[in-house]
Structures are given as structure tokens and as C-alpha cells.
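Participant: sequence plus predicted model, see below.
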Amino acid sequence: DIPFLCMFILGPLMAPENFPYHLEGKQDGMVKKEDILHVLEAFRSSHNKPFTFSIDTISGLLQALELMFAVEGREGVFLFPCHLPIKKLIDMWRIDPRMAVYVGRQACCICCTSIFSPGAFGLFQCRASVRLDKQAQLWQNGIIVGRAETVQSHVQCLVYMSKSFEAVDFVCCSAKGSEINCMSLLRDVMALWKDVINEHSAGTEYEVGY
């Protein structure tokens, strides 16, 4: 039942804080399973609807839809990208003197009236956090994905969505001697981004430049 799902499940869980029913107790986009159940029960009661919730079923559905993901090492805690805080790029991504190799790409919409689907970036954050780096750093329009086979081969990739949704920057860095790992991570991240855009922002024409 799509209308039921949108109104009684997605509505209160995705709503911003200025709505009467919304997730409380959020910390950097993370909420506990009990917080999810609390807002759903409150919303159900306000509409006098005689049904019960299976929190495990709901959490499984939301993860399958890539609207949230389970936080690694924290039982019963989930992260909603749509509730991530706004942070300055300069506070999240700093030049590391150990990183001597930098490579980057930019995916930019071709038409001046085109944008990437605003919801696509949150889906990408979910997918990247599950498939590429379970310890990724996330904020509203950015994510830093890391990969470390050894201390010496540690590489990082920043993915940053412009405020206008017209462009996405990809920047990978690594220590000298780890150039292959650096390019490998960049390719994996961009392939994942391309898959998300093809699925959730189909028809958006863009080009990839340096």
C-alpha cells in the first residue's frame, strides 16, 4: 500500500524538525531503533489507526530502499542521510602532509537548467557506506570514503555535492607509492555514483572532467 507507506512510515521518519511528528534524539543523522518506533506509534495514535508495527520489518524495508543504513558497531542504531547536519567542507577535509598524491574528477550537468536529483546523493551516501567504507564520514552534502590495506597504503576519497545540485566533485588522495590504490578507489567510487544516477536521476545529462 504505497499511500500508507508514504503517510504513516516515510512521512514521520523523513520529516524535518518543524513538522509536528518527526524523529527526535538525532545525533549527526543517527537515531536509535526506539526513536523510530516512538514517532511511528505517536503518529499512528494521532490518526486512530488500529495497526501495529514490526520495527524489524520497517528497518529492513528502509535499508532496502537505501533511505537509512545500520551504523557499524552500534546495535540498533541507524543513520538517515536526509537528517545529516550541515557542515563546512573546510572542517571535514583538510590537507594531510602525508598525502602526496591527489587525483580528481568532476561530474557536471551539461544543460544550465539541469540538476542531479536532490535525493540521489543521500542514496549514494547509503550505498557507499554499506559497500565501500562502513566508517565513512558523512555530512549533508559530502562523504569521505577511506580504504586502508596497510598504514602506508591508506587512501581517501572526498565526494562533494554542490549546493545547486549541478556538480559533484571527486577527490582522491594517498601517500606516495600508493597511486594504484588511489586510482582504484576513485574508479570504484565513481562507478557507484554512476549506478545511483542511472537509477535515480535517469535522463540527467552530465559530463565528467578533470
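Facilitator: Noted; the coordinates are in hand.
Participant: what about dumping the CA coordinates of stretch 72-91 to PDB?
Facilitator: As requested, the backbone C-alpha atoms of stretch 72-91 are provided in PDB (Å, rounded to 0.1, in the frame of the first residue of the first chain):
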ATOM      1  CA  GLU A  72      28.700  -0.300  12.100                       C
ATOM      2  CA  GLY A  73      29.400  -1.400  15.700                       C
ATOM      3  CA  ARG A  74      26.300   0.200  17.200                       C
ATOM      4  CA  GLU A  75      23.500  -2.200  17.800                       C
ATOM      5  CA  GLY A  76      20.100  -0.800  17.000                       C
ATOM      6  CA  VAL A  77      21.400   2.500  15.600                       C
ATOM      7  CA  PHE A  78      20.700   3.700  12.100                       C
ATOM      8  CA  LEU A  79      21.800   6.700  10.100                       C
ATOM      9  CA  PHE A  80      19.400   8.700   7.900                       C
ATOM     10  CA  PRO A  81      21.300  10.800   5.200                       C
ATOM     11  CA  CYS A  82      18.300  13.100   5.000                       C
ATOM     12  CA  HIS A  83      18.900  14.100   8.600                       C
ATOM     13  CA  LEU A  84      22.600  14.700   8.300                       C
ATOM     14  CA  PRO A  85      23.800  18.100   9.600                       C
ATOM     15  CA  ILE A  86      25.200  20.900   7.500                       C
ATOM     16  CA  LYS A  87      29.000  21.200   7.900                       C
ATOM     17  CA  LYS A  88      31.700  23.300   6.300                       C
ATOM     18  CA  LEU A  89      33.900  21.500   3.900                       C
ATOM     19  CA  ILE A  90      37.000  23.100   5.400                       C
ATOM     20  CA  ASP A  91      36.100  21.500   8.700                       C
END
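Participant: right, and the helix or strand after the lowest-mean-pLDDT helix or strand in the chain?
Facilitator: Across the helices and strands of the chain, mean confidence by mean pLDDT, DSSP states H and E is lowest for helix 2-4: a mean of 87. Moving toward the C-terminus from helix 2-4, the next helix or strand (DSSP states H and E) is helix 11-14.
Participant: contact partners for G209?
Facilitator: R105, Q106, C108 (Cβ atoms under 8 Å, 6 or more residues apart in numbering). Heads up, the C-betas are built off the backbone N, CA and C, glycines and all.
Participant: those in strands, which ones?
Facilitator: Judged by DSSP state E, these include R105, Q106, C108 as members of strands.
Participant: do a quick rundown of the strands in the protein.
Facilitator: Using DSSP E, strands in the chain cover 30-32, 69-70, 77-79, 101-109, 137-139, 142-147, 155-161, 167-174, 206-209.
Participant: show residues contacting the shortest one.
Facilitator: In this structure, residues lying in contact with strand 69-70 by Cβ under 8 Å, 6+ apart are S59, Q63, V77, F78, L79, C126, S129, V130.
Participant: surely the first one and K33 touch.
Facilitator: Spelled out, that is S59. Yes. Contact criterion Cβ atoms under 8 Å: S59 and K33 qualify, at 6.7 Å.
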